[in-house]
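Novice: Dropping the sequence and predicted coords here.
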Amino acid sequence: MKRRRFIGVACGVSAVCCTIGLRRSQAALQRGARIAVVDLRLARGVALARHAARARMMTFAVDDDIGALWYTRLACVGEGALVLCALRDSERFVLERLALSRRCVVMNVPSQIINTEN
């Protein structure tokens, strides 16, 4: 196979894979797969838990091990879920890496956003 043809085919395959992944993520978001993961030791974690309860979102509290929570509860939620989190940076880092395998989107919720919603 010639180099130019190889690069053209590789770019085409990559574009198709990205499109499929994007469509699956959008479909999951349209189904309303929203999850909140909070650390109740943080003030913003408590605030996000309250907001999630009002919004009727599934809420999970992190005790000590984010990995254990992922494998016991979160991994079975489904692909493409939106995960809002109020966690420490190290826990959020681990959660983001674990969520990649399920095509989940992890969003950190800053305290300014939570505190403005009363």
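Specialist: That came through, no problem.
Novice: can you give me the helices in the chain?
Specialist: 3-30, 43-54, 66-72, 89-100, 111-116 (DSSP state H).
Novice: Which neighbouring elements make contact with the second one?
Specialist: Same thing as helix 43-54. If contacts are counted by 3 or more CB pairs under 8 Å, 6 or more residues apart in numbering; DSSP states H and E, helix 43-54 sits against strand 34-38, strand 58-61, strand 82-86, helix 111-116. Every residue, glycine included, has its C-beta placed from N, CA and C.
Novice: lowest-confidence stretch among those?
Specialist: Mean pLDDT is lowest for helix 111-116 among these, at a mean of 62.
Novice: Output the lowest mean pLDDT helix or strand found in the protein.
Specialist: helix 3-30 (a mean of 54; mean pLDDT, DSSP states H and E).
Novice: which one of the helices and strands packed on helix 43-54 lies closest to R73?
Specialist: Closest to R73 of the helices and strands packed on helix 43-54 is strand 58-61 (CB to CB; 5.8 Å).
Novice: coming back round to it: let me have the helices and strands packed on helix 43-54 in TSV, adding distance to S101 and mean neighbour count as columns.
Specialist: Converted to TSV, the helices and strands packed on helix 43-54 look like this (distance: least, CB to CB, whole Å; neighbours: other CB atoms under 10 Å):
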stretch	distance to S101	mean neighbour count
strand 34-38	15	22
strand 58-61	17	16
strand 82-86	13	23
helix 111-116	27	12
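Novice: I'd like these as CSV, with distance to C76 appended.
Specialist: Below are those laid out as CSV (distance: least, CB to CB, whole Å):
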stretch, distance to C76
strand 34-38, 11
strand 58-61, 11
strand 82-86, 13
helix 111-116, 27
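Novice: Which of those sits closest to L48?
Specialist: Closest among those, using CB to CB: strand 82-86, at 4.1 Å.
Novice: For the closest one, enumerate the helices and strands it packs against.
Specialist: strand 34-38, helix 43-54, helix 89-100, strand 105-108.
Novice: Show me what counts as buried in stretch 63-70.
Specialist: For stretch 63-70, the neighbour count (16 or more other CB atoms under 10 Å) marks 66, 69-70 as buried.
Novice: Just give the nearest non-adjacent residue to A75, would you?
Specialist: R102 (6.3 Å; CB to CB, 6 or more residues apart in numbering).
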